[in-house]
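[1] Sequence and predicted structure below; questions after.
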Amino acid sequence: MTATAQRWTPPVQAWTPPLDSGALHDLLERVRTWQPFDGCALLGDVAAALDDVPPPEEGTAQLAERLRGHLARLVTIAVASEAGQDTTASAARVTGRTLQTEPWPRERRAATAHLRRLGWTANELHDRLAAIRCLKEAA
């Protein structure tokens with residue numbers, strides 16, 4: 001006669017996924033379009049924006065869009081790394097968000113000034129995030 005041991009199995013709830021199919025699709029699209037932070041590209045664009053000779057008029061809007069992208073990544077890094085406790089980084093983050101939403105000026109001098117503010121703010125936020133070790137410095 002062989003004895004069989006009875007196993008006790010507690011009731012288990014059925015697993016439910018954390019996201020529905022629509023949310024998973026949105027997440028997948030965000031991952032596909034994600035661009036990593038490129039510190040060398042940032043510094044190159046900052047140098048072009050802050051150079052003594054402004055960039056040609058036809059290249060100004062594209063440079064501004066790249067700087068807005070850099071600022072968006074830096075602001076996201078600042079928020080994710082809780083750099084808000086640093087007053088300089090927090091002020092640069094707020095300025096960066098403000099500059100991102102401002103419309104592009106039509107007049108050449110105003111556009112150049114806006115481009116320089118974008119470059120200055122991106123550089124300042126990058127330097128501060130590197131100083132408080134939320135970001136590695138670019139070469």
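    Sure, I can see it.
[2] can we go C-alpha only for contacts and neighbour counts from here?
    Fine.
[3] Please enumerate the helices of the chain.
    Per DSSP state H, the chain carries helices over the ranges 21-33, 39-50, 57-80, 87-101, 108-131.
[4] Who are the packing partners of the third one?
    Just to be clear, that refers to helix 57-80. Helices and strands touching helix 57-80, by 3 or more Cα pairs under 8 Å, 6 or more residues apart in numbering; DSSP states H and E, are helix 39-50, helix 87-101, helix 108-131.
[5] Now do it: everything it contacts.
    With Cα atoms under 8 Å, 6 or more residues apart in numbering as the test, helix 57-80 has contacts from 37, 42, 45-46, 49, 84, 89-90, 93, 96-97, 99-100, 108, 111-112, 115, 118-119, 121-122, 125-126, 129, 134-135.
[6] what's the angle from the helix or strand of the chain with the lowest mean pLDDT to helix 57-80?
    Across the helices and strands of the chain, mean pLDDT, DSSP states H and E gives its lowest value to helix 87-101, namely a mean of 85. Using axes from the mean of the first three to the mean of the last three Cα atoms, to 10 degrees, the direction of helix 87-101 lies 140 degrees away from that of helix 57-80.
[7] Which secondary structure elements does helix 87-101 sit against?
    Packing partners of helix 87-101 (3+ Cα pairs under 8 Å, 6+ apart): helix 57-80, helix 108-131.
[8] For it, list every residue counted as buried.
    For helix 87-101, a neighbour-count test (16 or more other Cα atoms under 10 Å) marks A89, S90, A92, R93, T95, G96, L99, Q100 as buried.
[9] angle of that helix against helix 108-131?
    Helix 87-101 runs at 140 degrees relative to helix 108-131, counting by the same axes, to 10 degrees.
[10] What is the distance between helix 87-101 and the centre of its chain?
    The chain centre lies 12 Å from the centre of helix 87-101; the measure is Cα atoms, centre = their mean, to the nearest Å.
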